[in-house]
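J.: Starting from these lines, generate the structure:
(chains A and B)
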Amino acid sequence: MSQATLRIQKISGHAGSVPGEDTQREYTVCKLIDTTTCIGCKACEVACMEWNDLPFGETFFDNTYQTMPETRWNYWNLILFNEHEREDGTLMWLMRKNQCMHCADPGCLAACPADGAIVQYTNGIVDFQQANCIGCGYCITGCPFDIPKMNPKTHRVFKCTLCTDRVSEGLEPACIKSCPTGCLHFGSKEDMKFLAEGRAKQLRDHSNFPSAGVYDPPGVGGTGVIYVLHDATKPEIYGGLPADPSIPWTVKLWKGPLKWLGNVAMVGGLIGLFVHYLRYGPKEREDEDISPSGAKP
Amino acid sequence: MTRRTRRAEAPRLPPRLPEKVEFDLTLQNPNCVFQLLKKHYSRYTPEMVERITGIPKEQFLKAADLYTSIRKDGDMKKAGTIIYAVGWTQHTFGTQIIRTAAILQLLLGNVGRAGGGVNALRGHSNIQGATDMAGLFDTLPGYLKVPTPADGSFDAWMKRVTPTPSKPAPWDSFNYYGNTPKFAVSFLKAMYGDAATKQNGWAFDYLPKVDRNYSWVQMWDDMYSGGIKGMLAFGMNGVAIGPNSKKNIDALKKADFLVVGEIYPDETSEFWRSPGITTDEMKQIQTTVYRLPCAGFAEKDGSFTNSARWLLWKNSALPTPGDARLDQAIVAQIFLKIRELYKKDGGKFPDPILNLTWNYSAPSSPPLAEVLKEINGKALADLEDPATRQQIKTGQQLPGFAWLKDDGTTSCGNWIYSGSFTEAGNQTARRDPSDPSNLGIHPGWGWSWPANRRVLYNRASCDADGKPWDPTRKQVWWNESAQKWVGNDVPDFKVDSKPKDHMGAFIMNPEGVGRIFAPLAAFADGPFPEFYEPIESPIDNPLHPEQTHNPVVKRFKTPEDKYATPKDGYTIVCTTYRVTEHYHYWTKNNPMNVQLVPEPFVEIPAELANDLGLHGGEKIKVSSIRGAYIAKAMVTKRIKPMMIDGKKVYQIGFPIHQGYRGISEDEGRDARTLANLLSPTVFDPNAFTPEFKGFLVKVERA
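T.: Okay, the predicted model is just below:
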């Protein structure tokens, strides 16, 4: 892969043309997570923190091996631990690595009103550009997976980047690199789908999991992160993975039929802004810390 | 460091086996091993397994059927492996568990096969290396048996430890340990150089004579009783890792000095800060503690030996910070200082200290590559192999242990590592990932002992005629035209021994066969493994209630060595373990690991939590007869009550990592108790591993 894969094909809150919109797409990247061979070692959590230079945060024991209840603005990759009792009385300890799903049809991007705060590259990676973020939090509402989280101090939203910086250099994401069991794979969407379907078939045919399958929900146009599940008919048992995720109807309505209303409101807002400027003058820029590590540039 | 405190125990007698033994290939003779084995295990019915373990009969049979199905209809192509973690060894009958696995593998023909074997997963990257290099008190490097005071001379020692063949007359036995004198003389030449001569029995008198048990638990008991006055502890958090922590802490109070080499402050170097010791009591403790800053793993080079016996060289990534020093530098500097004192002041017996070879380019910090070269061994005279006419000049590195001599013309620090650093360089640093045979052999990746052989006893991968059991996965085979054994792996056999000579595949045993029946005194306990309950058990042994525990287990006698029974009110089974998020006792000093698992916890079954009215996250106090552990409860369905001999028995467990020094501990976020305050001072009589994996406790809300 080369830098070319970082051409943008979708931009949030953007009225003009999009550079990568009509380019010949090489391929979409995809992360495959085989929950049936994950041992919950959390190596991927550490790798994510290390590579992305995320700061240490305090955690508390909460009756589980799970590091924290949910992902944080500065903790993008979290294994969810779930004890699941099957109908035959046997117990399964389900572990699911939870992070941004990199939807083909991203709810966050659809909901975002800030120009260029959320982009989707031609390789499928959905990336937040914190410099353009206005802190409205609409992306949080727009996400069916409850992934984006806001830094309460800087009012910028963060999430997994699928290690864009690594992928654009031809490397796999840091989590993939660290996995000791090989339950994580990375490649083209086509290849990962093939691998996932093969593994699911193996589980159905040989491992007594007749409902094993691949999670790649069509409601969000498919995802750039797909799962192999022991029981694909019940994704909810894996820490609330939605069975049929979709972009919330409010966001669809707002970005679809009612978009003209927003434009009117925006023009109204601009007029208001202009009037405000005439009356109060320009606002001094404050130094803001927007990097996830909290380090000053 | 130690002085003798008690009468020497008689040394364990070596196996002296008859020269000729009977055999019966029909396996019908009532005294053949197979019939004895059948008789011995006839008591272990599926019903008995259910009574002892709580595993329902049907589940046990399902597992047994699955595993033994590899030989269905006489199919010899498949191989099955048994992989265990050290939990199996942490019982007073641990060696018997491993033996049982070995017997099962021998019966199924799973030994010597690629993908077979009994494989240990270790808690450290170099446990194998430590035992290979005599990390235990009762061996010398390469598993040579230590001399005892009764041996008297080099020849007497060799006579005792060198086995002689014992086999049916028509068979051959390689009895490779018949070469023990070559290994021993070469070892003594490596240790004492020119000071080891034929006349002085190769400096046999220099070697310490081991008069009794000096294993881990015993050592702390000796210190507790005043026999050991000081201790050097490197990379080993003694009071946290061993059983009965309180006894160990009290032992250290009685010591004169303690030297700890560590990268973080730990519980051992601050034993006097253990919870429960008051300020006044601290003032009474007279032990002098020296804490030396050591190097971390990334700051050291050297080799690791993994569980598959591969030696893998690693380079250091960073220099040591500040005044931190490498382990070998600290040990070397202590040694050089002691030698200086012996030179100056003399002593009762200075010779072993003064004559120890120390020919390193940097004596005060020996480069480890030079140490590995010394371990590999070299020629002390010009040598020639009479068969191949291959020659080795004086001073050259030896190609392998086949060259070792018992006449003083070779030196070798550890015979099994001979071949690791040859004239061709450091073989352990090789990194050729290729695997031409596709059997996972990777012959150019690092180096494995012995002789870069990847699967031991691989002769057993062939039938009696020397043809591989699985022609599609050929490890070694007999080449009729060349009249020798060849293969994708290095044959673990006498290469020119014809199949028709029936040499046994188990060349390290004088019998030549695998030890389903362990003869004479090979083990402290019986020839066949027998099940015993842990020293603290909720039930009497259903097999023989009058002998519930392993009869050869030693119980300690100090006031702090208490053992409980259910009658004392201790009815819950407890076990300890580690979590993947932490590495022993030092990652609790790393914020990243602490973030993953911030606090200690106790896992308890949901049913037990109901009985106690306890919710997850609430504090629980776990007490054994020796001490108490307080942490938050993790209520889980993963640990279920067991039906043991008709009784409902609860089991609980908790990780060992936390203590009273570390990030969370220093912030006062937990009770700062050590897991091993609870575990008993008993150990397996063969391997001396403490019984961490089963003892009795009671629980209450805290």
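J.: Based on its surroundings, how many neighbours for the residue in the stretch 151-297 of chain A that chain B sits nearest to?
T.: Nearest residue of the stretch 151-297 of chain A to chain B (CB to the nearest CB) works out as A:Pro180 at 9.1 Å. For the C-beta atoms, the positions are set from N, CA and C on the backbone; glycine is no exception. Neighbours of A:Pro180 under the rule other CB atoms under 10 Å in any protein chain shown: 11.
J.: Excluding chain neighbours, what is closest to it?
T.: Among residues not flanking A:Pro180 along the chain, A:Ala43 sits closest, at 6.0 Å (CB to CB, 6 or more residues apart in numbering or on different chains).
J.: ok so, going back, so the residue of the stretch 151-297 of chain A closest to chain B is in contact with A:Gly40, correct?
T.: No. Counting by CB atoms under 8 Å, A:Pro180 sits too far from A:Gly40 to count as a contact (11.4 Å).
J.: hang on, B:Val594 in a helix?
T.: Yes. Under DSSP: H, G, I helix; E, B strand; the rest coil, B:Val594 falls within a helix.
J.: That one: neighbouring residues, count only.
T.: Every residue meeting other CB under 10 Å relative to B:Val594 is counted, giving 25.
J.: And B:Gly613, by the same measure?
T.: B:Gly613 has 8 nearby residues by other CB under 10 Å.
J.: Then B:Leu107?
T.: By other CB under 10 Å, the residues close to B:Leu107 number 15.
J.: In the stretch 101-250 of chain A, what residue spans correspond to strands?
T.: Taking DSSP state E, counting those that start in this stretch, the strands of the stretch 101-250 of chain A run over residues A:118-121, A:126-128, A:149-151, A:156-158, A:184-188, A:213-215, A:225-229.
J.: Would you format the ones you listed as CSV with mean pLDDT included?
T.: Formatted as CSV, the strands of the stretch 101-250 of chain A follow (pLDDT from 0 to 100):
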stretch, mean pLDDT
strand A:118-121, 96
strand A:126-128, 97
strand A:149-151, 96
strand A:156-158, 97
strand A:184-188, 96
strand A:213-215, 98
strand A:225-229, 98
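J.: rewinding a little: OK, contacts around the residue nearest to A:Pro180?
T.: Shown in contact with A:Ala43 (CB atoms under 8 Å, 6 or more residues apart in numbering or on different chains): A:Ser178, A:Cys179, A:Pro180.
J.: Mean neighbour count added to the strands of the stretch 101-250 of chain A, as TSV?
T.: Output for these, formatted as TSV (neighbours: other CB atoms under 10 Å in any protein chain shown):
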stretch	mean neighbour count
strand A:118-121	25
strand A:126-128	24
strand A:149-151	19
strand A:156-158	25
strand A:184-188	19
strand A:213-215	21
strand A:225-229	26
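J.: Let's have those strands in a markdown table, adding distance to B:Val602.
T.: A markdown table is the format used below for these (distance: least, CB to CB, whole Å):
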| stretch | distance to B:Val602 |
| --- | --- |
| strand A:118-121 | 45 |
| strand A:126-128 | 41 |
| strand A:149-151 | 32 |
| strand A:156-158 | 35 |
| strand A:184-188 | 32 |
| strand A:213-215 | 35 |
| strand A:225-229 | 31 |
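J.: Relative to B:Ile52, which of those is closest?
T.: strand A:225-229 (37.0 Å; CB to CB).
J.: Can you check what angle separates that closest one from strand A:184-188?
T.: On the basis of axes from the mean of the first three to the mean of the last three CA atoms, to 10 degrees, strand A:225-229 is oriented at 130 degrees to strand A:184-188.
J.: In three-state terms, label B:Leu136 for me.
T.: The assignment at B:Leu136 comes out as coil when based on three-state DSSP.
J.: Surely it is in contact with B:Trp216?
T.: No. At 9.3 Å, B:Leu136 does not count as touching B:Trp216 under the criterion of CB under 8 Å.
J.: State which one residue of the stretch 1-150 of chain A is found closest to chain B.
T.: Taking CB to the nearest CB, the stretch 1-150 of chain A has A:Asn63 as its residue nearest chain B, at 2.9 Å.
J.: which intervals of the stretch 151-297 of chain A have sub-threshold pLDDT?
T.: Applying pLDDT under 70 to the stretch 151-297 of chain A flags residues A:254-263, A:266, A:282-297.
J.: all helices of it, in order?
T.: With DSSP state H, counting those that start in this stretch as the criterion, the stretch 151-297 of chain A has helices at A:164-167, A:174-178, A:189-206, A:249-255, A:259-280.
J.: nearest to B:Ala298, of those?
T.: Across those, B:Ala298 has its closest neighbour in helix A:174-178 (16.9 Å, CB to CB).
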